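# pasted the sequence and its predicted model underneath.
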Amino acid sequence: MIEQIITVTNRAGIHARPSAMIVQSIKDFKSNIYFEKDNDRINAKSIMGVLTLGAAHGTKLKIIAEGDDEVQALEKVVKLFESKFLEGE
């Protein structure tokens, strides 16, 4: 299991489009991938779960990956957050 804290840096936060991008980018990984915010843990492969986090700009999330390809899965999610979901901000 590996984990990393990341901050939501795109101005609009994690709304429908970023949620879909997250789920689409990690759907083929074998590892289980979760986001934690406060005391909530959700499956990052669930678009509804990601949306219900209510992760606004500046929110800190813990990304947790468990499984055979956990390193690659975590790197993929981190790169997506770092790209600000290609929203040009």
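That came through, no problem.
# how deep is residue 6 tucked in, by neighbour count?
The tally of other residues near residue 6 (other Cβ atoms under 10 Å) stands at 18. Heads up, the C-betas are built off the backbone N, CA and C, glycines and all.
# that one and residue 32, how far apart?
In this structure, residue 6 and residue 32 are 17 Å apart, going by Cβ to Cβ, to the nearest Å.
# same thing with residue 43?
Here residue 43 is placed at a distance of 7 Å from residue 32 (Cβ to Cβ).
# go on, residue 60?
Taking Cβ to Cβ, one finds residue 60 at 21 Å from residue 32.
# more crowded one of these two?
More neighbours surround residue 32 than the other of residue 60 and residue 32, with 15 against 12 (other Cβ under 10 Å).
# packing partners for the lengthiest helix in the chain?
Longest helix of the chain, by residue count under DSSP state H: helix 70-82. Contacts defined by 3 or more Cβ pairs under 8 Å, 6 or more residues apart in numbering; DSSP states H and E place helix 70-82 against strand 2-7, helix 16-26, strand 32-37, strand 60-66.
# 6 Å instead?
On a contact count with 3 or more Cβ pairs under 6 Å, 6 or more residues apart in numbering; DSSP states H and E, helix 70-82 meets strand 2-7, helix 16-26, strand 60-66.
# check the offset of that helix from the chain's centre.
Computed by Cα atoms, centre = their mean, to the nearest Å, the chain-centroid distance of helix 70-82 equals 8 Å.
# excluding sequence neighbours, find me the nearest residue to residue 70.
Sequence neighbours aside, residue 31 is the residue nearest to residue 70 in space, at 4.5 Å (criterion: Cβ to Cβ, 6 or more residues apart in numbering).
# ugh, wrong one, residue 14
residue 55 (4.0 Å).
# quick one: the one you found is in a helix?
No - assigned with DSSP: H, G, I helix; E, B strand; the rest coil, residue 55 falls outside any helix and is coil.
# neighbours of it, how many?
With neighbours defined by other Cβ under 10 Å, the count for residue 55 comes to 21.
# also residue 31?
Applying other Cβ under 10 Å, we find 20 residues neighbouring residue 31.
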